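1. With the sequence up front, the predicted model follows.
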Amino acid sequence: MNDRLPHEKGFHVSWDQMHRDSRALAWRLDGKGPDNGAWKAVVGITRGGLVPAMIVARELDIRVVDSISVKSYHSGGGKADQRREAQVIKAPQPEVMGDGAGILIVDDLVDSGKTLELIRGLYPKAHFACVYAKPEGEKQADTYITSVSQDTWIFFPWDMALQYVQPFRGAD
Ligand SMILES: O=P(O)(O)OC[C@H]1O[C@H](OP(=O)(O)OP(=O)(O)O)[C@H](O)[C@@H]1O
Ligand code: HPA
Ligand SMILES: [Mg+2]
């Protein structure tokens, strides 16, 4: 039985690491767009995807940047059969998106893949790019930088703060 709490197997990502990994994602995508290698626009999935989306747009000199807001919630009866559902609560500009061709849709992480699955249904020709990917959802990402095991919780820098920790060998 696995009775470990989510925060007990944690991958803590600093701002610096996030910046490096987002830059690596941009460089991987450079020249891979459908129009002579160019991408038309970057769309960040709020909220976590806005940080890598900005960095990718900056690295690749893409000035058209939009966002899509997805709200996730748990549905189902008892705790055991609860499922994570997702709903789009704010769409990007339709004139920018079309069917998604040439559009880079960026998120910080793919976990179950539900968020990307929902958005892919709306923009089937878009390219989906994430910084981190867990195995269950990684097939939903066309490009990602770092694999993280399914039972690891990723802590992003905007959810953390520097704080004092006791020395390993405490004073008596
Ligand atoms: O692959 P999935 O299982 O769908 O999970 C991945 C999504 O979950 C997190 O966002 P969250 O919905 O928690 O919202 P936030 O970005 O606003 O923090 C993360 O930023 C991804 O967008
Ligand atoms: O590992 C995670 N970290 C932060 N947010 C998340 N949302 C789904 N999985 C995660
Ligand atoms: Mg998110």
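-> The structure has been received and is ready for your questions. Ligands and ions are numbered 1, 2, ... in the order given.
2. Is Lys40 in contact with Val64, as I believe?
-> Yes. Lys40 is within contact range of Val64, at 6.7 Å (criterion: Cβ atoms under 8 Å). Where C-beta positions appear, they are placed from N, C-alpha and C, glycine not excepted.
3. shared neighbours, these two?
-> Val96 (Cβ atoms under 8 Å, 6 or more residues apart in numbering).
4. Any residues of the chain in contact with ligand 1? List them.
-> 45-48, 72, 84, 86, 107-115, 137 (Cβ under 6 Å from any ligand atom).
5. If we use 5 Å, what do you get?
-> Within the chain, the positions near ligand 1 by Cβ under 5 Å from any ligand atom are 47-48, 72, 107-115, 137.
6. residue boundaries of the strands in this structure?
-> In the chain, the strands defined using DSSP state E lie at 10-12, 41-46, 65-75, 83-90, 103-110, 127-133, 143-147, 153-155.
7. Between Lys40 and Val64, tell me which one has more neighbours.
-> Between Lys40 and Val64, counting by other Cβ atoms under 10 Å, Lys40 is the more crowded of the two (17 against 14).
8. Contacts only, for that one.
-> Neighbour list for Lys40: Gly33, Val64, Val96, Ala101, Gly102, Ile103 [criterion: Cβ under 8 Å, 6+ apart].
9. So, low pLDDT: which residues of the chain?
-> Filtered on pLDDT under 70, the chain yields the residue ranges 1-8, 77, 79-81, 171-172.
10. longest helix in it, by residue count?
-> The residue-count maximum for a helix in the chain (DSSP state H) belongs to helix 15-29.
11. CA atoms only for that helix, dumped as PDB, please.
-> Presented in PDB, the C-alpha positions along helix 15-29 are these (Å, rounded to 0.1, in the frame of the first residue of the first chain):
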ATOM      1  CA  TRP A  15      12.500  29.900 -10.900                       C
ATOM      2  CA  ASP A  16      15.900  29.400 -12.400                       C
ATOM      3  CA  GLN A  17      15.100  25.800 -13.400                       C
ATOM      4  CA  MET A  18      11.800  26.800 -14.800                       C
ATOM      5  CA  HIS A  19      13.400  29.400 -16.900                       C
ATOM      6  CA  ARG A  20      16.100  27.000 -18.200                       C
ATOM      7  CA  ASP A  21      13.600  24.200 -19.000                       C
ATOM      8  CA  SER A  22      11.200  26.700 -20.700                       C
ATOM      9  CA  ARG A  23      14.100  28.000 -22.800                       C
ATOM     10  CA  ALA A  24      15.000  24.400 -23.700                       C
ATOM     11  CA  LEU A  25      11.400  23.900 -24.800                       C
ATOM     12  CA  ALA A  26      11.600  27.000 -27.000                       C
ATOM     13  CA  TRP A  27      14.800  25.900 -28.600                       C
ATOM     14  CA  ARG A  28      13.300  22.400 -29.300                       C
ATOM     15  CA  LEU A  29      10.400  24.100 -31.100                       C
END
